[in-house]
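A.B. asks: Curious how this folds, go ahead:
(4 chains)
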2 protein chains.
Amino acid sequence: MTTMSAPDATRTRRRNEKAILEAAEQVFARHGYRGASIQAIAEAAALPKSNVLYYVGSKKTLYVKLLERMMSRWNAMLDDINVEDDPARVLEAFIRSKMQLTREHPQGSRLFAAEILGGAPFLQEYLRGELREWVEQRARVFEQWAERGLMDPVDPVWLIFLIWSATQHYADFEAQVLGITDRQQLNDTDYQRITDFLCQVILKGCGLRV
Amino acid sequence: MTTMSAPDATRTRRRNEKAILEAAEQVFARHGYRGASIQAIAEAAALPKSNVLYYVGSKKTLYVKLLERMMSRWNAMLDDINVEDDPARVLEAFIRSKMQLTREHPQGSRLFAAEILGGAPFLQEYLRGELREWVEQRARVFEQWAERGLMDPVDPVWLIFLIWSATQHYADFEAQVLGITDRQQLNDTDYQRITDFLCQVILKGCGLRV
DNA sequence: CTCCTGTCTGACCGATTGGTCAAATAACTC
DNA sequence: GAGTTATTTGACCAATCGGTCAGACAGGAG
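C.D. replies: Have a look, this model is predicted:
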């Protein structure tokens, strides 16, 4: 019945898998792991439920795949720093890249938030492993900067959490932000201004340039 | 079969209702509205499922009651401010009271977060109503302070969101904080230090005292 | 004791859950 | 064309969902 000259099944497969991942990220982010249903994901992807299960195997593997995708995005952002680097530039780059991640992947950010909110049952290992080491490494550099008088002696771990929370907020609490600011959505200009604001306040708050 | 001299049914009722609200707040916070089941709430409250429904009527009314309780706690924190007040003292009191709310009601904070994360289906009216007005009122005062040169001319709405996010973080992302800091829980000293840190960085970041 | 009111709960309901499976269809290889 | 493999999908399953209900309880009043 097909009149197509070049059906290319591979393209269809890639399109369906992409649609499923996108739909699933949205539904999982909104309702959490338990609250999400494969039926809802299938409807969002415009596919029958059975077809979704044919591609992903099970709800759990789909969820884990989405978490891993988000964690790889996160890891791609985590470049090393050195004691010899300029504190202000490093901190500003940190804030901007974290904000960009939130901006480019709001659904993934919310998915991550829902996972943590539920006690991080699937991410315990990651949190206590590579992420902790990454934080400790940065913390040591921050402390050395403080010892050299290059910045105020603030607790580096709380500082990292401050940056994470302030940026994460605009994805996780988007409904609140939009409701209070009376907007349909935030545009590029908004995000640029928010990022500049955060850089200004946090850097100055740590005793860095002006 | 009861050998009690004064059974006092009223006391039993109060005890059960309290147990149900506590259990429900925990389960709703962890799994969201859809992901939470009455069965799970009943088990957490050590009561039969039918008994829970006898007390609360339905899942939705229970959820709404919990949200309203949390919003009333929030409102109790929102006292008015005046242009003549001292910016540093107001901002510090704001940060400390918000942090105290997070500290005293982490489950409620997470419940609120889960609701917003899911698109705030039950809180739209509140966000677009009284909370927006409260933010706008504070924002006007912040702007006047900036005009008078009492603080840096930062966007007041983003500043409020910064404080909200930074404090909310320690309830919503508790699993992440504990995993990274390798702790079982944060104690009073930790919360005091975090609060001091936030006051120091944010106030200095806005050009207020030192 | 009888009656009454409030509390409690197992049994049950239709709907939905995640997941299986066989059969139908489509697409590619030869 | 035939043969093989990949894809699609409705029917179906046991388990769980929110919620109802009848009846078993309790304690107090008369």
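A.B. asks: longest helix of chain A?
C.D. replies: Assignment by DSSP state H gives helix A:9-35 as the longest helix of chain A.
A.B. asks: what comes up buried for that helix?
C.D. replies: For helix A:9-35, a neighbour-count test (16 or more other C-beta atoms under 10 Å in any protein chain shown) marks A:16, A:19-21, A:23-35 as buried. Where C-beta positions appear, they are placed from N, C-alpha and C, glycine not excepted.
A.B. asks: Would you mark the buried spots in stretch A:143-160?
C.D. replies: In terms of neighbour count (16+ other C-beta under 10 Å), stretch A:143-160 has its buried residues at A:143, A:145-146, A:150-152, A:154-160.
A.B. asks: Compute the distance from the centre of it to the centre of its chain.
C.D. replies: Distance of stretch A:143-160 from the chain centroid (C-alpha atoms, centre = their mean, to the nearest Å) equals 25 Å.
A.B. asks: Contacts for it next, please.
C.D. replies: Here stretch A:143-160 makes contact (C-beta atoms under 8 Å, 6 or more residues apart in numbering or on different chains) with A:83, A:87, A:135, A:138-142, A:202, A:205-208, B:180-181, B:193-194, B:197-198, B:200-201, B:204.
A.B. asks: measure it end to end?
C.D. replies: The first and final residues of stretch A:143-160 sit 12 Å from each other (C-alpha to C-alpha, to the nearest Å).
A.B. asks: picking that back up, which of the buried residues of stretch A:143-160 sits closest to residue B:69?
C.D. replies: Ranked by distance to residue B:69 (C-beta to C-beta), the buried residues of stretch A:143-160 are led by residue A:158 at 29.6 Å.
A.B. asks: So for the strand or helix carrying that closest one, mean pLDDT?
C.D. replies: Using DSSP states H and E, residue A:158 maps to helix A:156-172. Helix A:156-172 carries an average pLDDT of 98.
A.B. asks: Next SSE downstream of it?
C.D. replies: Assigned by DSSP H and E, the successor of helix A:156-172 is helix A:174-181.
A.B. asks: relative to helix A:156-172, how tilted is that next one?
C.D. replies: 80 degrees (axes from the mean of the first three to the mean of the last three C-alpha atoms, to 10 degrees).
A.B. asks: Which strands and helices lie in contact with helix A:174-181?
C.D. replies: Counting by 3 or more C-beta pairs under 8 Å, 6 or more residues apart in numbering or on different chains; DSSP states H and E, the packing neighbours recorded for helix A:174-181 are helix B:106-117, helix B:132-147, helix B:156-172.
A.B. asks: Look at residue A:4 and report its pLDDT.
C.D. replies: 32.
A.B. asks: Report the contact partners of residue A:32.
C.D. replies: The contact partners of residue A:32, by C-beta under 8 Å, 6+ apart, come to A:114, A:117, A:118, B:31, B:32, B:34, B:35, B:114.
A.B. asks: which residues make contact with stretch A:129-139 from outside it?
C.D. replies: A:75, A:78, A:80, A:81, A:156, A:157, A:160, B:179, B:180, B:182.
A.B. asks: what about it, distance to the chain center?
C.D. replies: The chain centroid and the centroid of stretch A:129-139 are separated by 17 Å, computed with C-alpha atoms, centre = their mean.
A.B. asks: Any buried residues in that stretch, and which?
C.D. replies: A:131, A:132, A:134, A:135, A:138, A:139.
A.B. asks: Kindly reformat those residues as CSV containing pLDDT and distance to residue A:98.
C.D. replies: Shown next, in CSV, are the buried residues of stretch A:129-139 (pLDDT from 0 to 100; distance: C-beta to C-beta, whole Å):
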residue, pLDDT, distance to residue A:98
A:131, 95, 13
A:132, 96, 17
A:134, 95, 13
A:135, 96, 13
A:138, 96, 12
A:139, 97, 16
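A.B. asks: from these, which single one is nearest residue B:62?
C.D. replies: Nearest member of these to residue B:62, counting by C-beta to C-beta, is residue A:131, at 35.5 Å.
A.B. asks: Quickly note the distance from the closest one to residue A:51.
C.D. replies: For residue A:131, the distance to residue A:51 equals 35 Å [C-beta to C-beta, to the nearest Å].
A.B. asks: again, but for residue A:83
C.D. replies: For residue A:83 relative to residue A:51 (C-beta to C-beta), the value is 54 Å.
A.B. asks: Let's check: the centremost residue of chain A is which one?
C.D. replies: In chain A, the residue lying closest to the centroid (C-alpha atoms, centre = their mean) is residue A:109, at 3.5 Å.
A.B. asks: Cheers, nothing more for now.
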